[in-house]
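Participant: The amino acid sequence is not available; the structure is as follows:
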RNA sequence: CGGGGUGUAGCGCAGUUGGUAGCGCACCGCGUUUGGGACGCGGGGGUCCGCGGUUCAAGUCCGCGCACCCCGACCA
């Protein structure tokens, strides 16, 4: 319950973040280090994220399935880069039913291996392709440092795994799903993202190419908000995923995988939140509207509540909640629902009853400026418009903030300065050494090489001065 | 794994030279309140992180653990 002011974002951003998560009732710390409980309010947000993504997966021809949590250890040894990438963060089960296991079992950190194994059993012919399966699951990665939602030992996500007959198809799929993520982020979460390709260093262990959507948080740090991997034939060869083509020749499949996790909740918090707390985009908010009744005595109360009944009949199409707790003052409720990020608050008291109106308060515009009295005539339409406006305004504000904090770096000195508080876009020769040096000296990592067609040409590597054909973003990241 | 910090009521904290564990908020009851975080009165709630030691006596002193948070190295 919220009784004191939040730490402000400028005072201590990470403190602000933790307080928002806990006090907005999104999540709580679990008894195991690095683990969290997603509380009902946080889970409701996740369910809305799931709904929007799942809809898009289905529209693009995917189906859901569920693969097991436990994976034989040997599976992880079949793809060389995959082992090396994941070995340090695996949780291993060695005892079952009181007996030492013959082969230890890995708690999945991701499911390429076990799904690859199954695909090799299922896929025989080109007629079986493509296989387009997604699963909603939890995974475990033994991280050193954890943060609520952003990095926990266990997290929830979806992972899509597809197999195709040709490299082209698999590449198309990889980019199609990247587009799906970007569309979701921008149009549902109002989180502006940049699509791009990861550097060799930053790509997924076992992938040929990794693509990501990158979002800028309120402190200008970057957050990788979703990833899509083109796996080529790496996993097909490791797991023997083969099919007979039209010419009766045995071929390895081409596979992809792509994922978006509960980390995205962190992206929403840090993209839109302000010093009052969370601000949720209307399209994903568990409650789009909260009604706070106002009255001085029982007589007023019954008049107001009766009026609210009428108002509610116009709210059927929205996710709304009536806060009729009698033991709390309206002022307290205002603050609490602001902390929890509800996009629109309806204040309804005797004055409104008299005027046949309600007082609407926009979460994205603090204080009096965001309040507007609306007559209840066609209230549903007015509210729908308001919610749309809020959704759009959140996206605009976030986009503007991001664009203001991305700068082109002509020199390394400039880059160093830019990444102190923003993203630097720069020419990069493509060498891992330059990347590593920059990271070492500035703590900024490469985020992605933007897909944007406009950005073509040649320049000099911002670090070594060599001929460069790639532009890439550098920034500190979560 | 390095550096820093913190463990006392649900949360935030105080607890002096060692001497019967307290405050604020939250919670429960009653009443008055209610358009931007209400107030009064009454009440319930403790393995003082754990183990060992010193002492007549330990929340307090000593030793060893453990956990969590923050900052780094590593990562969705």
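Facilitator: The structure has been received and is ready for your questions. Not measured: the values here are computed from a predicted model. Residues are numbered from 1 along each chain as shown, chains lettered A, B, ... in the order given.
Participant: Pull the residues that contact stretch A:440-453.
Facilitator: Under the criterion CB atoms under 8 Å, 6 or more residues apart in numbering, residues A:178, A:194-199, A:201-202, A:211-212, A:214, A:222, A:224, A:415-416, A:419, A:423-425, A:428, A:435, A:438-439, A:470-477 lie in contact with stretch A:440-453. Placement of C-beta: from N, CA and C, glycine included.
Participant: hmm, 6 Å instead?
Facilitator: By CB atoms under 6 Å, 6 or more residues apart in numbering, the residues outside stretch A:440-453 that reach it are A:194-199, A:212, A:214, A:222, A:416, A:419, A:435, A:439, A:470, A:472-477.
Participant: Low-confidence bits of chain A, can you list those?
Facilitator: A:1-4, A:453-455 (pLDDT under 70).
Participant: Name the residue closest to the centre of it, please.
Facilitator: Residue closest to the average C-alpha location in chain A (CA atoms, centre = their mean): residue A:264, at 1.9 Å.
Participant: about what we covered before: ok, and of the contacts of stretch A:440-453, which contact RNA strand B?
Facilitator: Filtering these for proximity to RNA strand B (criterion: CB under 7 Å from any atom of the strand) leaves A:439, A:477.
Participant: Could you list which of the contacts of stretch A:440-453 belong to strands?
Facilitator: Of the contacts of stretch A:440-453, the ones assigned to strands by DSSP state E are A:194-197, A:212, A:214, A:222, A:470, A:472-475.
Participant: Pull out the buried positions in stretch A:123-134.
Facilitator: Across stretch A:123-134, burial judged by 16 or more other CB atoms under 10 Å covers A:123, A:126, A:129-134.
Participant: Distance from the chain centre to it, please.
Facilitator: Chain-centre distance of stretch A:123-134: 29 Å, with CA atoms, centre = their mean, to the nearest Å.
Participant: Ends of that stretch, what's the gap?
Facilitator: 16 Å (CA to CA, to the nearest Å).
Participant: List the contacts of that stretch.
Facilitator: A:57, A:61-62, A:64-65, A:158, A:160-165, A:241, A:243-245.
Participant: Recalculate using a threshold of 8 Å.
Facilitator: If you take CB under 8 Å, 6+ apart as the criterion, stretch A:123-134 is touched by A:54, A:57, A:60-65, A:115, A:119, A:122, A:158-165, A:169, A:173, A:241-246, A:253.
Participant: What ranges does chain A have for its helices?
Facilitator: Assigned by DSSP state H, chain A shows helices spanning A:13-23, A:40-59, A:80-86, A:112-122, A:167-187, A:234-239, A:263-272, A:298-312, A:330-339, A:350-355, A:379-404, A:412-418, A:432-442.
Participant: okay, those in TSV with distance to residue A:207 next?
Facilitator: Below are these laid out as TSV (distance: least, CB to CB, whole Å):
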stretch	distance to residue A:207
helix A:13-23	30
helix A:40-59	20
helix A:80-86	8
helix A:112-122	9
helix A:167-187	9
helix A:234-239	7
helix A:263-272	19
helix A:298-312	51
helix A:330-339	40
helix A:350-355	57
helix A:379-404	26
helix A:412-418	27
helix A:432-442	16
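Participant: which stretch among those comes nearest residue A:93?
Facilitator: helix A:112-122 (14.3 Å; CB to CB).
Participant: How about the closest one and RNA strand B, touching?
Facilitator: No - judged by CB under 7 Å from any atom of the strand, helix A:112-122 makes no contact with RNA strand B; its nearest approach is 12.7 Å.
Participant: Which positions within that helix qualify as buried?
Facilitator: If you call a residue buried by 16+ other CB under 10 Å, then helix A:112-122 has these buried ones: A:112-120.
Participant: related to what we said a few turns ago, now the contacts of stretch A:440-453: which count as buried?
Facilitator: The neighbour-count test (16+ other CB under 10 Å) applied to those identifies A:194-199, A:212, A:214, A:222, A:416, A:419, A:435, A:470, A:472-477 as buried.
Participant: which one of the buried residues of helix A:112-122 sits closest to RNA strand B?
Facilitator: Lowest distance from RNA strand B to these (CB to the nearest atom of the strand) belongs to residue A:112, with 12.7 Å.
Participant: ok, now which ones touch that closest one?
Facilitator: So residue A:112 contacts A:79, A:82, A:161, A:206, A:231, A:235, A:255, A:257 (CB under 8 Å, 6+ apart).
Participant: Narrow the buried residues of stretch A:123-134 to those in strands?
Facilitator: A:131-134.
Participant: would you turn these into CSV with distance to residue A:143?
Facilitator: As requested, these are arranged in CSV below (distance: CB to CB, whole Å):
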residue, distance to residue A:143
A:131, 31
A:132, 30
A:133, 27
A:134, 24
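Participant: Closest residue of chain A to RNA strand B?
Facilitator: At 1.9 Å from RNA strand B, residue A:33 is the closest residue in chain A, using CB to the nearest atom of the strand.
Participant: List just the nearest of the buried residues of stretch A:123-134 to residue A:9.
Facilitator: Residue A:9 lies nearest to residue A:134 out of the buried residues of stretch A:123-134, by CB to CB, at 35.3 Å.
Participant: which residue packs closest to the closest one, ignoring adjacent ones?
Facilitator: Excluding the flanking residues, the one nearest residue A:134 by CB to CB, 6 or more residues apart in numbering is residue A:160, at 4.3 Å.
Participant: My guess is that neighbour contacts residue A:259. True?
Facilitator: Yes - counting by CB atoms under 8 Å, residue A:259 is a contact partner of residue A:160 at 7.2 Å.
Participant: wait, the residue nearest to the centre of chain A sits on residue A:48?
Facilitator: No - the criterion here is CB under 8 Å, and residue A:264 misses it with residue A:48 at 11.1 Å.
Participant: burial measure for the residue nearest to residue A:134, as a count.
Facilitator: The local packing of residue A:160 (other CB atoms under 10 Å) involves 24 other residues.
Participant: contacting residues for it?
Facilitator: By CB under 8 Å, 6+ apart, the neighbours of residue A:160 are A:57, A:62, A:132-134, A:177, A:256-259.
Participant: If you go by neighbour count, which of those are buried?
Facilitator: Buried members of these, scored by 16+ other CB under 10 Å, are A:57, A:62, A:132-134, A:177, A:256-259.
Participant: Can you flag which of the contacts of residue A:112 belong to strands?
Facilitator: Among the contacts of residue A:112, DSSP E puts A:161, A:231, A:255, A:257 in strands.
Participant: For PyMOL, write the selection for the buried entries among the contacts of stretch A:123-134.
Facilitator: Selecting only the buried entries of the contacts of stretch A:123-134 in PyMOL, with 16+ other CB under 10 Å as the criterion:
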select buried, chain A and resi 57+62+115+119+158+159+160+161+162+163+164+165+169+173+241+242+243+253
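Participant: Report whether stretch A:257-271 contacts RNA strand B.
Facilitator: Yes - on the criterion CB under 7 Å from any atom of the strand, stretch A:257-271 is in touch with RNA strand B at A:259, A:261-263.
Participant: Just flag the most distant two among the residues you listed.
Facilitator: Put simply, by CB to CB the two of those set farthest apart are A:259 and A:262, 11.0 Å from each other.
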